[in-house]
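Undergrad: Structure for the following, please:
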Amino acid sequence: MFNFMADINHTDSAREMFKPLSDLGILSEVAVFTIVITLYSGSRKAESALKVYHHMIASGVKPVSYTYTQLTCVLSTDFSKAKYLRYAKKFFLEALDKGMKLKRTPFWNVMKAIAYREPLEKFKEFLEQLKAKGFILHDNGFYYKEAYLAEARETLKMYAHLVHNHTVDVDVRSYFYMKSAFPDHIQKLSNKMYTALIVDGNFHKAIEFSKEIEETHIEPMVVIHTSVIKAYLKFSKTKGALEAYLAMLAAGVAPNSVTYTVLIKGLSANPDFIGDAKKYLLEMMDKGKRPNAATITAVIEGFAKQEDKAAEEEGKEFVRVMMDKGFVPNVKAMMEVLRGRPTAVIRRAMSVVLSTLKQ
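TA: Presented below is the predicted three-dimensional model:
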């Protein structure tokens, strides 16, 4: 337990909790209570963790910062009862009143729970309470500007929805639950999208993307929606990925070239969705977004893998349509993408492209 706390940068809390009776080889009472609360937190049993805490207080044992961390986390991530969020906020503020320094994870969990369950006014109110108690938001990754708090709330609400709404696929929910344990995962997603835009030659779009984040200090919703599509594809749930894309459009979020790349490559990998892959690749080009060689090749390969004359002809027609739109496939780049594929697939894919280029 001590090593685990040290590994996640809770070294001071670990020393505080384990030092008192360490010379006797006996755990302190606060350590015992906190370990039990931590176990209940790990198994997402908020009611049990809350009962242990009340028993701890009734026994005259004072909680330490790590006690509050674990208690706040389990209460703010259990949406089964409204009282849990009230307790989570109460304990977070109580810890601050006692001069304790809580880490980023419980802070983010509470903020996501408020964003999901309460109106914007309550979201702003809690932030003001934190500021009044000297909690430095910037040190905890909360850089949102006052003018964009409504948008910030929507971003956090979306992440909470992915973890707690049972209409979301169970594998996807588990995936985002694990990711939410790392407060900087949102920033990492934004960095990956920015890099992908640069690599694909969309320099101006990358600059616009970066400026939007710099201005608002909010991760664009396109990042979250694209990560949802990618999560469905990670679990080979192509239909779910397509539905996630359509939900993105319904929410009024415009896909960028990275979104299209993720979606099209995922659809192309499933023979039942090759028609959709073709449709969205053409849509991508119609919107002035230039697909990279890997995206083009994925669709052509999808036709080639069917080993069917009709599919091959459909692939050729698809290449002709692309060329009519001013896009000529780069054969050399496609060969690089296909490197390592079965020879038969490479031959059929190249046949589709080269025979069309010669016409």
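
Undergrad: For stretch 283-292, buried residues please.
TA: Met284, Met285, Lys289, Pro291, Asn292 (16 or more other Cβ atoms under 10 Å). Quick note: C-beta positions are derived from backbone N, CA and C, even for glycine.

Undergrad: and those residues as TSV, adding pLDDT and secondary structure?
TA: Output for the buried residues of stretch 283-292, formatted as TSV (pLDDT from 0 to 100; DSSP: H, G, I helix; E, B strand; the rest coil):
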residue	pLDDT	secondary structure
Met284	94	helix
Met285	92	helix
Lys289	90	coil
Pro291	91	coil
Asn292	91	coil
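
Undergrad: wait, which of the residues you listed is closest to Met1?
TA: Of all those, Asn292 has the smallest distance to Met1: 47.9 Å, by Cβ to Cβ.

Undergrad: roughly how far apart are the closest one and His55?
TA: 59 Å (Cβ to Cβ, to the nearest Å).

Undergrad: before we move on, back to that, farthest pair in the buried residues of stretch 283-292?
TA: Using Cβ to Cβ, those reach their maximum pairwise distance at Met285 and Asn292, which is 12.0 Å.

Undergrad: Counting by contacts, list what the helix or strand containing Val74 packs against.
TA: According to DSSP states H and E, Val74 maps onto helix 65-76. Where contact means 3 or more Cβ pairs under 8 Å, 6 or more residues apart in numbering; DSSP states H and E, helix 65-76 is packed against helix 11-18, helix 29-42, helix 46-58, helix 82-97, helix 104-117.

Undergrad: Just the C-alpha atoms of the last one, please, in CSV.
TA: The C-alpha atoms that make up helix 104-117 are tabulated as CSV, following Å, rounded to 0.1, in the frame of the first residue of the first chain:
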residue,chain,number,x,y,z
ARG,A,104,-5.9,16.1,-9.4
THR,A,105,-7.8,12.8,-9.8
PRO,A,106,-10.5,13.5,-7.0
PHE,A,107,-10.8,17.1,-8.2
TRP,A,108,-11.5,16.0,-11.8
ASN,A,109,-13.9,13.2,-10.7
VAL,A,110,-16.0,15.7,-8.6
MET,A,111,-16.0,18.3,-11.5
LYS,A,112,-17.2,15.7,-14.0
ALA,A,113,-19.9,14.5,-11.6
ILE,A,114,-21.2,18.1,-11.1
ALA,A,115,-21.1,18.7,-14.8
TYR,A,116,-23.1,15.6,-15.5
ARG,A,117,-25.7,15.8,-12.6
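
Undergrad: domains in this structure, as residue ranges please.
TA: For the chain, automatic domain parsing gives the domain ranges 1-152, 184-359.

Undergrad: How far away from the center of its chain is the last one?
TA: For domain 184-359, the separation from the chain centroid amounts to 20 Å (computed by Cα atoms, centre = their mean, to the nearest Å).

Undergrad: Does Met100 fall in a helix, a strand, or a coil region?
TA: Classification of Met100 using DSSP: H, G, I helix; E, B strand; the rest coil returns coil.

Undergrad: count of neighbours near it?
TA: 18 (other Cβ atoms under 10 Å).

Undergrad: Need the pLDDT of the closest residue to it other than its chain neighbours.
TA: Among residues not flanking Met100 along the chain, Ser65 sits closest, at 4.1 Å (Cβ to Cβ, 6 or more residues apart in numbering). On the pLDDT scale, Ser65 is placed at 88.
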